[in-house]
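1. Provided below for reference: sequence and predicted model.
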Amino acid sequence: MDNVEEHTPDLTTLRQKVEYMVEKTFPGEKVSGRVFADLVKERGGSLSHSYFSNILAGKVTNPSEEILKALGLGFGVDWRFFKDESDVVDDVVAGLQFLAKRRTGEISGLAGRGLDDGGLDPELLQYVLSLLEDNKENKDSRESRDSKKDGKDGRASKDA
């Protein structure tokens, strides 16, 4: 496995941030403005598909706070990520990189290194452990569903 450290991309413009979030939130998928607008609506926000398309085209550079909040809802991140020079950008990027590595199996557990006598912050530890547990539950659920599709649901057949 290549041990090249993933770098933080240059995310200075709204367009760069939205393109990055589309790539990381919907990997390998082509997401239309209409699909994204519907997703925002499902999550309680409001964003027109044409406005979203204009953001991706670089035509919108200074949207209202309401639009930023709608983007946050659609991508499931803190809306301040989309503000200019936001401190939240690095946190969101690091979180997405962590989740991607967890999904691909590059991270399978958690070990604290370089911690002081107080150890890892309890809230951070609980959050990371909940992510790991959610991932395990999702994996178990997928495996169970796949085995049922294949007729391997663990029940004895009547013909036996």
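-> Perfect, thanks for sending it.

2. Go ahead and produce PDB holding the CA coordinates of stretch 32-39.
-> Taking Å, rounded to 0.1, in the frame of the first residue of the first chain, the C-alpha atoms of stretch 32-39 are listed here in PDB:
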ATOM      1  CA  SER A  32     -27.300  17.200 -11.000                       C
ATOM      2  CA  GLY A  33     -28.500  20.500  -9.600                       C
ATOM      3  CA  ARG A  34     -32.000  19.100  -9.400                       C
ATOM      4  CA  VAL A  35     -30.900  16.000  -7.400                       C
ATOM      5  CA  PHE A  36     -29.000  18.200  -5.000                       C
ATOM      6  CA  ALA A  37     -31.800  20.700  -4.600                       C
ATOM      7  CA  ASP A  38     -34.200  17.800  -3.800                       C
ATOM      8  CA  LEU A  39     -31.800  16.500  -1.200                       C
END
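
3. residues making contact with it?
-> Val22, Leu47, Ser48, His49, Ser50, Tyr51, Phe52, Ser53, Leu56, Gly74 (C-beta atoms under 8 Å, 6 or more residues apart in numbering). Backbone N, C-alpha and C define where each C-beta goes, glycine included.

4. JSON lines for those residues, including secondary structure and distance to Gly33?
-> Output for these, formatted as JSON lines (DSSP: H, G, I helix; E, B strand; the rest coil; distance: C-beta to C-beta, whole Å):
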{"residue": "Val22", "secondary structure": "helix", "distance to Gly33": "11"}
{"residue": "Leu47", "secondary structure": "coil", "distance to Gly33": "9"}
{"residue": "Ser48", "secondary structure": "coil", "distance to Gly33": "8"}
{"residue": "His49", "secondary structure": "helix", "distance to Gly33": "4"}
{"residue": "Ser50", "secondary structure": "helix", "distance to Gly33": "6"}
{"residue": "Tyr51", "secondary structure": "helix", "distance to Gly33": "8"}
{"residue": "Phe52", "secondary structure": "helix", "distance to Gly33": "4"}
{"residue": "Ser53", "secondary structure": "helix", "distance to Gly33": "4"}
{"residue": "Leu56", "secondary structure": "helix", "distance to Gly33": "7"}
{"residue": "Gly74", "secondary structure": "helix", "distance to Gly33": "11"}
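
5. List just the nearest of those to Leu99.
-> Leu99 lies nearest to Val22 out of those, by C-beta to C-beta, at 15.6 Å.

6. Can you give me the neighbour number for the closest one?
-> Neighbour count of Val22, defined by other C-beta atoms under 10 Å: 18.

7. pretty sure it is touching Gly28, no?
-> No. Counting by C-beta atoms under 8 Å, Val22 does not reach Gly28; the two are 11.0 Å apart.
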